Structures are given as C-alpha cells and as structure tokens.
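S.K.: Using only what follows, build the 3D model:
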Amino acid sequence: MQDILKFLNGISPRDYQTKVFETCSQKNCLVILPTGMGKTLVALMLAIDRQLKFPGEKILFLAPTRPLAEQHLNYFKKHLPELFGQMELFTGKTPAEKRQELWQDADLIFSTPQCIGNDLKNNLYTLNAVSLLIEDECHRCIKNYSYTYVAQKYKEQAKNPRLLGLTASPGHDKSTVDHICKNLDIEAVEIRTRDSSDVKEYLQDLKFDIINIDFPEEFAKIRDLIKKLLDKKVEELKNRHLLFGPATKKSLLELQGRIMRTIASGNKNFNNLMGASVCAQTLKLQHCLELLETQTLYSLESYFQSLMNKAEAKESRAVQNLVKHSNFIQARTILTDLKARGIEHPKLKKLLELVNERRDKKILVFSQYRDTVTKICKEINQLGINSKVFVGQAIKDGFGLSQKEQHELLEEFGLGKIRVLVATSIGEEGLDIPEVGTVIFYEPVPSAIRKIQRAGRTARLSKGELIILLTKKTRDESYYWAAFHKEKRMHTIVNNLKDKLFLKQPKETKNLDDFKKNV
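M.R.: As a prediction, the model looks like this:
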C-alpha cells in the first residue's frame, strides 16, 4: 500500500477506500458508492497499482459523457506526479487517425465508450496491452450499449485483464445486476452506504424531510376530464386486443414500439394503424396528467400549446384527433381560467418559501422537465436570488447548454456567484457539482439510481438537508414509494450477490468475519 500512497499528490484515502481498493487489486470488482464518497480515488489507486505491476501497459478509463471523462482526466492529473504517465482524452472531435497515433504513446486514456467502441470496430488498435479497464456509471453496461461491447473485446484481447465497475446503484432488478456482473466478469462486490460502519465518521449529518402538498380542488376538474378521456383510449386499446394489463407509461411505450415495428415490417392492417394512433394519444394524455399532478400549470399550458401547434401544422393525425375532443377543449378552458387568475401549483409556492428561507445557502433544485426548471428559475430570480437553469445540450425544438456553458455555470456556482442551480437529470450523474447545503426534489423520481444520485449532492463536507416535495393522492406518492422499495431491493440483491461470490472463492481465501464486517 505504501508504494501506492507515495504517488498520491494532495490526497489521502479514507479507511473504507483502502479496503475497497484492496479487494479491487485482487479481483474484478463492482464498487457501489453513493455520489461524493470517493469512487474516483479508488480507481486512481488501482490505476497506480496496475501500472506498477505491469509497466508499459495502459489504463483505459471510460465514462458515459465527454465532460465526465474530462473530469476524471483532470482528477488524475491533479493527484498524480506530472511524469507518472502520459494521459490522453479521446473524443469524437479528435480525428480517428490522430486517436490511433495517440493510443500508441498514451499510458492512461480517458474516453467515452462510443469512441473506443468505434475505434475497435475499425481496427485502429487493440486492447491487448491494457492492464485495467474502468467503467464509470457501469449500471449502463447492459444490452448493446457500447460499454458492453468494449468490455467484451477487452476480455477477449487483454493479456493482463482487470476490470473495475463504478456506480452509485447498479439497479433494483436481479437480472440487470446479473447482466452487469456477467458483462464485466465481476468476482467481488464492494458496497457502502451512508450508514456503513466505516463510512459514517467521514460524512456530515443529513436532515431529511418530506413535505406533503394537497392537490388543489380546482386542478381536480382538469384531471377528471383528462382521466375520462384516457380511460376511453385505454379501453379501445384493450378492445383491439393490443393492450393487456395496466396502462402504465412503460407498458404503453412498449406497446407503441411493438405496433410500430409491426407496421414497419409491412403489416399495415386497420387495427394496427388505429392502434398506433390511439396509443400515441394515450401516452400524451398520461403526460398531461403527470404535468398537472406533479409539475406546474405553466408546464401543462406549454404542452397543451405544443399539441395545438402540431395539430394546426397537421403533423400528426393522433394529435389532431386529441385536441378537438370535447374533454381536451374543456380542460384547456379551465386551465386558461386558472392561469388568468394567477393560480399555480402549490408546490411552486412552497418551493419558493423554502428557497427564500435559505437565501444564504447554496441550493440545488431537481426537476424532471425543462419547462418546469425554466419556470422555477424565473420565480426564484424574482425573489432577488441569483438562480440559473442547468440542463443538458439542446434538443429538438428546445433549449440547452453546451458543455462549455455547463462547465462555466458550475464554476460560478462553486464560487457563490449563483446561489441556486435548478437542474434536470444532467445534475444527477457524475458531474462534479460543488457541495450544496440543501437539495430539493421538486418531485420524487421512481428510479432508485436517480434518487441516490440526487441525494448524494449534499452532506458530504458539511451538514446538509434533503427535501422532497410530494403532492398527495397523485403519482408523486407512487413514484416516491417505487424508488424507496427499489433501493431496498437493490441492497438485498447486492448483498445476496456478495454471499454468492464469496462462496465461489477458494477455501483458503475465505475469512467470513472480514467478509461480513461491512455488509
């Protein structure tokens, strides 16, 4: 271990990071640590270890986005001696020929999986001389994602393979976790939470609060109109023998995919064509209900207007049929009246109160949709508190921030020039967002992975609080409990996996007391 420590500049591992590293140095390991608990330092120590054991071989560090890959590169540069090794960032902006040239001399390569995957398919280089493959946010290492392809090629080609998977949560489904472990040849699992015995001493107190909001009676009239129309569409899908079981967002998206594939294959019978139209309308009505119950009236109004614009442009027969239905027209009339009277979702008012009470703190607000983020940011700025929107890159018919703009915003937030950052999912995964005093979920999310990533943005270096706004008797409640139970299932699955992997070890390596200590 001393050989590793002498190469670290300006940083020392915590006890639990050292224990995790020791496992990673011996076996292909899945490391599960909440955001902000030092996964990258474990990767750095393992990279040093592999370079010492296999001088002249390479380290390949993959991350799902270019900014995150660049962030890891900068972390390594900061904490390794300047002459430790040549480090290179591979991106799609670098010509393929140049990447091929850089590969020959580089010791540590940081890249997105798509970039490396394309190069391997084009035979620009091989992975035979890579002694360590690190896959960050490895819960993405499933199905045909580039992570899976690169891992497979690495297992086929590397002379001295070692794999490290990093994530805040691998998921709540056993088959998904099994797939990740199979794709990465995982031999051991190291998991820590805020409550782990060897972690607690390093973290600050986290105050957690759920604020329940009543769903306004005025909104219920709109919900009833949309719900009745939605129920009719669901019934029609079932009568056409296309939908079986509950009409969840997931089941409807799967149905839409099946219908469109059937039509694309040439089966354009009347039932399929009508089913495609009805399914599209049903999904749009589901989205209307979600915006009404969990977001803002501004978001719903914007969505209604986008549907009207599409209908006028005759972009979609399904949308044209939807907007001329009497229930939709009535719902839109009521919404217009509410907006004229200055009424908004009570969540927004409560959020503004919470932010105003914490004017002296850095606050990170998460919300699912860009329209909601825009509205929240505008209202906070009207309180005289400097707030900025933090979103991903531009999407069709929308707005976005370039990677350079994202980086500049985070710098301003870190310096305190911006007091409140209002973020979509871009703020959840990986990016080095500065420590904040308060994290507010404008709505619960049904994903355990996203919930863990959001919550990990506070209570690391100083005391913090996590606040979740929840509208009663709406899908907010079901989303909250979905994430809660998924997180519990994830811990059960991972701990069972640890037991299973432990039992596979040779007898002479087993020490049950050590193994159970941090489970």
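S.K.: Apart from its chain neighbours, what residue comes closest to residue 219?
M.R.: Nearest residue to residue 219, sequence neighbours excluded (C-beta to C-beta, 6 or more residues apart in numbering): residue 292, at 6.1 Å. Where C-beta positions appear, they are placed from N, C-alpha and C, glycine not excepted.
S.K.: give me the number of residues near the one you found?
M.R.: 25 (other C-beta atoms under 10 Å).
S.K.: Backbone dihedrals for it, please?
M.R.: Dihedral angles of residue 292 (phi, psi; degrees, to the nearest 10) stand at phi -60, psi -50.
S.K.: got the contact list for it?
M.R.: 219, 222-223, 226, 300 (C-beta atoms under 8 Å, 6 or more residues apart in numbering).
S.K.: change it to 6 Å
M.R.: 222-223, 300 (C-beta atoms under 6 Å, 6 or more residues apart in numbering).
S.K.: got a winner among those for most neighbours?
M.R.: Most surrounded of those: other C-beta under 10 Å gives residue 300, at 28 neighbours.
S.K.: so it sits right up against residue 291, yeah?
M.R.: Yes: in this structure, residue 300 is within contact of residue 291 by C-beta atoms under 6 Å, at 4.3 Å.
S.K.: Give me the distance between the residue nearest to residue 219 and residue 177.
M.R.: With distances taken as C-beta to C-beta, to the nearest Å, residue 292 is found 35 Å from residue 177.
S.K.: Repeat that for residue 66.
M.R.: From residue 66 to residue 177 the distance is 27 Å (C-beta to C-beta).
S.K.: and these two? which has more neighbours close in?
M.R.: Using other C-beta under 10 Å, the more surrounded residue of residue 66 and residue 177 is residue 177, with 25 against 19.
S.K.: That one falls within a strand, correct?
M.R.: No: read with DSSP: H, G, I helix; E, B strand; the rest coil, residue 177 is helix and lies in no strand.
S.K.: Not counting sequence-adjacent ones, nearest residue to it?
M.R.: residue 170 (4.9 Å).
S.K.: Tell me which residues touch the one you found, please.
M.R.: Residue 170 sits in contact with 139, 177, 180, where contact means C-beta under 6 Å, 6+ apart.
S.K.: Please repeat the previous calculation with a cut-off of 7 Å.
M.R.: Residue 170 sits next to 30, 32, 139, 177, 180, 490, 494 when contact means C-beta atoms under 7 Å, 6 or more residues apart in numbering.
S.K.: count of neighbours near the second one?
M.R.: Residue 32 has 26 neighbours, counted by other C-beta under 10 Å.
S.K.: separation between the closest residue to it other than its chain neighbours and residue 451?
M.R.: Nearest non-adjacent residue to residue 32, counting by C-beta to C-beta, 6+ apart: residue 191, 4.1 Å away. Distance of residue 191 to residue 451, given as C-beta to C-beta: 16 Å.
S.K.: can you check residue 331 too?
M.R.: Residue 331 is 31 Å from residue 451, by C-beta to C-beta.
S.K.: just to revisit the earlier point, which one of the contacts of residue 170 sits in the busiest neighbourhood?
M.R.: Going by other C-beta under 10 Å, residue 30 tops the contacts of residue 170 with 30 neighbours.
S.K.: check contacts around that one.
M.R.: 165, 170, 180-181, 184, 186, 189.
S.K.: Quick one: which of these has the lowest pLDDT value?
M.R.: Least confident of the contacts of residue 30 in the model: residue 170, at 85.
S.K.: Could you look up the SS state of it?
M.R.: Three-state assignment for residue 170 (three-state DSSP): coil.
S.K.: Between residue 191 and residue 451, point out the one with more neighbours.
M.R.: For residue 191 versus residue 451, neighbours defined as other C-beta under 10 Å are more numerous around residue 451 (26 against 22).
S.K.: ok, residue 145 to residue 10 distance?
M.R.: Applying C-beta to C-beta to residue 145 and residue 10 gives a distance of 35 Å.
S.K.: neighbour count winner among these two?
M.R.: More crowded of residue 145 and residue 10, by other C-beta under 10 Å: residue 145, with 16 against 6.
S.K.: which non-adjacent residue is nearest that one?
M.R.: residue 113 (7.2 Å).
S.K.: Residue 229 and residue 115, how far apart?
M.R.: Residue 229 is 46 Å from residue 115, by C-beta to C-beta.
S.K.: remind me, longest helix of the protein?
M.R.: Looking across the chain with DSSP state H, the single longest helix is helix 475-504.
S.K.: Identify each buried residue in that one, please.
M.R.: For helix 475-504, burial by neighbour count (16 or more other C-beta atoms under 10 Å) applies to 475-476, 479-480, 482-483, 486-487, 489-491, 493-494, 497-498, 501-502.
S.K.: For it, which helices and strands make contact with it?
M.R.: Contact partners of helix 475-504 among helices and strands, from 3 or more C-beta pairs under 7 Å, 6 or more residues apart in numbering; DSSP states H and E: helix 174-183, strand 188-191, helix 270-294, helix 448-455, strand 464-471.
S.K.: Any chance of those in JSON lines with distance to residue 234 as columns?
M.R.: What follows is the helices and strands packed on helix 475-504, written out as JSON lines (distance: least, C-beta to C-beta, whole Å):
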{"stretch": "helix 174-183", "distance to residue 234": "28"}
{"stretch": "strand 188-191", "distance to residue 234": "40"}
{"stretch": "helix 270-294", "distance to residue 234": "6"}
{"stretch": "helix 448-455", "distance to residue 234": "27"}
{"stretch": "strand 464-471", "distance to residue 234": "23"}
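S.K.: Isn't residue 280 up against residue 321?
M.R.: No: counting by C-beta atoms under 7 Å, residue 280 does not reach residue 321; the two are 9.5 Å apart.
S.K.: the more surrounded of these two?
M.R.: The neighbour comparison of residue 280 against residue 321 (other C-beta under 10 Å) goes to residue 280, with 21 against 15.
S.K.: What segments of the stretch 51-200 of the chain are helices?
M.R.: Along the stretch 51-200 of the chain, counting by DSSP state H, counting those that start in this stretch, helices occupy 66-79, 96-105, 113-121, 146-157, 174-183.
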